[in-house]
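>>> pasting the sequence and the predicted coordinates here, then a few questions.
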Amino acid sequence: MSDQLSEKRLLSALEKKGLISFAQARDFYGNRFELIKQFERRRVKQGGNDYNENRDKPFILIDAIVALNLKRKDDPSKTLDEDTIFQTLAESWGIPFAKIDPLKLDLNVVTTTIPISFAKNHLVLPVEVSQGKLTVATPNPFNLDVFEDITRACQMQVHAVVSPRSDIIKLIDEFFGFKRSIAAAEHQFSGPTVDLGNLERYIQLKSADELPSNDHHVVNAVNHLFLYAFDQKASDIHIEPKRDVSLVRMRIDGVLHTVYKLPKNVHSAIISRIKNLSGLDMAEKRRPQDGRIKTGKKDVEVEIRVSTVPVAFGEKVVMRVMDPDILFQDLERLGFSSLDMQKYNQIISHPHGLVLVCGPTGSGKSTTLYSTLRKISTTKVNVTTVEDPIEMVHEDFNQIAVRPKVGITFGSIMRNILRQDPDIIMIGELRDLETAGNAIQAALTGHLVMSTLHTNDAPSSIVRLMDLGVPAFLIQATLRGILSQRLVRKICNVCKVPIEIDAAKLRALGLETGKSGNLSLYHGKGCQKCRGTGYLGRTTIHEVLPYTDAIKAQTVPDADLAALAETARAEGMASLRASAVEKLMEGITTYQEVLRVTSKNDFG
């Protein structure tokens, strides 16, 4: 063990960095054996499992300090975590620190460069090969014999970077475990085959048995994909067959990232496993199918909505991860301004009428609807929903899934719902006149009806209802308000830095801030936490339109959309672009993101 990794050097580095006080460093050193014993007892009690042969005393002391959740001396709003400790050590050693982004790791580089036993024993993880050099991440960069062994085995110069120990352990488990499962499945289904799903191949010369969907290698691989998606907070998982490989991509903060390239001959097995879990017909490959999987993420149940479609090279699967932590939130956390929040609360407080939530696919409408229902749902009211499909099962709601094969459609089921003594009705989408007409009738008969429309902004929804065939006088009698929304990416708080930009430049781009001269805004430089994008997480921009008397007077068969928008603005409605600019001025997002998500045609 190098002296650089001694407990005294560790505590000295933390104290010099200003993360702990001199008194804390002295106390930790004097009580280090008791701290370590307490941590080990707690770890065993919690059923912890780790690589004990690598738990050198400095590393155990780091774990023990992290477990205390200490407030940092330099910034009491933050706790002293493992990342900060290893970053501090790396600085004191003069060795680069790397917070590894799993999405940027090459599966083959990680798993084929060194054996798993060697990686586990010495806590080394190959992360990149560039210009004949191999970059290896490790919490212990002073084990020179290990790097000499890797150099001899790989015939490459080895460059070490420091990474948190727990990250190395987790990635070794995930990547080597997934690689083993895929390799075993590939071997089991090896040999020349012809893919029936590939439209480029017209003649099936010889059939081959598919890999069983319950094979434990495939089971492990699919489980890994789910756990990986949960860990990365992905909203969607795409499994796409190509000519020679199968791509696994995940949508994170609204952007798709390629995660894995799988051997093509395990694609069918992976799809069959997912079909089996979601209750789909594994033999049916020519027709699209929809299903759902309920699984667990720590102590929370997660719904995964599954959709399969035949494409040129086989079956493609897209899985939407319906996380209750995201779908059910406090309305105050959804990005409303104080004025818009006040307006929306007034709209949903009506005992009856029609409330619309509008926006394109992926704009967060489901989150807003579910969060609204949870807020207004009590034991004194009956909440009934009609959805296609049910996105998240919630026991406080009576949820009905659309099933056209047995006659349950958005339009037809409404007659049955009204016999169920509902107080609040949520309809997944007003997609035709029958559905819209029944929703209007329900609103007329004393029910609060909530639904969605795919329109670009709030005023357009009034015209859209009339386009569907709803008479203007019925809209006037029932509509209470409209909420239109989009999602914008938030600036990463880790790499957030101020920038100066001239208000005239923003005005030329179509962003009116109401100010002049240089403006102090923010952007993200890009870091490991945000995968170099400068953005981490998303928030909502809103356009709230209460259905006032002035708007009602303009709801006529030949309504002028521009006039409706002008009246809405005069009544105090902030447009989507104005809402986004407000987020810009608050330092939540960037002007580039505002321009990407909104347009000049957003009436403001």
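Nice, I can see it.
>>> domain assignment for the protein?
Using automatic domain parsing, the domain ranges for the chain come out as 3-93, 102-171, 189-322, 327-487+539-574.
>>> hang on, residue 587 in a helix?
No - going by DSSP: H, G, I helix; E, B strand; the rest coil, the assignment for residue 587 is coil, not a helix.
>>> contact partners for residue 552?
With contact set as C-beta atoms under 8 Å, 6 or more residues apart in numbering, residue 552 has these partners: residue 476. For glycine as for every other residue, the C-beta is placed from the backbone atoms N, C-alpha and C.
>>> what's the mean pLDDT across the host helix or strand of it?
Using DSSP states H and E, residue 552 maps to helix 549-553. Mean pLDDT, computed over helix 549-553, is 93.
>>> contacts only, for residue 485.
Per C-beta under 8 Å, 6+ apart, neighbours of residue 485: 357, 358, 359, 363, 364, 365, 368, 540, 541, 542, 543, 576.
>>> which strands border the helix or strand where it lies, and is each parallel or antiparallel?
Following DSSP H and E, one finds residue 485 within strand 479-491. Next to strand 479-491 in the sheet, as set by DSSP bridges, lie strand 353-358 (parallel), strand 535-546 (antiparallel).
>>> let me know the average pLDDT across that strand.
Rounded mean pLDDT across strand 479-491 is 94.
>>> roughly how far is that strand from the heart of the chain?
Chain-centre distance of strand 479-491: 18 Å, with C-alpha atoms, centre = their mean, to the nearest Å.
>>> ditto for stretch 283-295
Distance of stretch 283-295 from the chain centroid (C-alpha atoms, centre = their mean) equals 22 Å.
>>> check which residues of the helix or strand following the helix holding residue 552 are buried.
Counting by DSSP H and E, the next helix or strand C-terminal to helix 549-553 is helix 561-570. Buried residues in helix 561-570, defined by neighbour count with 16 or more other C-beta atoms under 10 Å: 564, 565, 567, 568, 569.
>>> can I get the residues you listed in a markdown table including pLDDT?
Listed next are the buried residues of helix 561-570 as a markdown table, based on pLDDT from 0 to 100:
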| residue | pLDDT |
| --- | --- |
| 564 | 92 |
| 565 | 90 |
| 567 | 93 |
| 568 | 92 |
| 569 | 90 |
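>>> ok, of the residues you listed, which one's closest to residue 12?
residue 569 (61.8 Å; C-beta to C-beta).
>>> and that closest one, how far from residue 543?
Using C-beta to C-beta, to the nearest Å, one gets 10 Å for the distance from residue 569 to residue 543.
>>> what does residue 371 give?
From residue 371 to residue 543 the distance is 17 Å (C-beta to C-beta).
>>> on that earlier part again, distance to residue 533 for the domains of the chain - can I get that in CSV?
Converted to CSV, the domains of the chain look like this (distance: least, C-beta to C-beta, whole Å):
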stretch, distance to residue 533
domain 3-93, 19
domain 102-171, 11
domain 189-322, 7
domain 327-487+539-574, 15
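>>> how about those, which one is nearest residue 583?
Comparison of those against residue 583 by C-beta to C-beta identifies domain 327-487+539-574 as nearest, at 6.3 Å.
>>> how long is that closest one end to end?
End-to-end distance of domain 327-487+539-574: 25 Å, with C-alpha to C-alpha, to the nearest Å as the criterion.
>>> starting at the chain centroid, how far to it?
25 Å.
>>> could you do stretch 155-165 as well?
With C-alpha atoms, centre = their mean, you get 30 Å for stretch 155-165.
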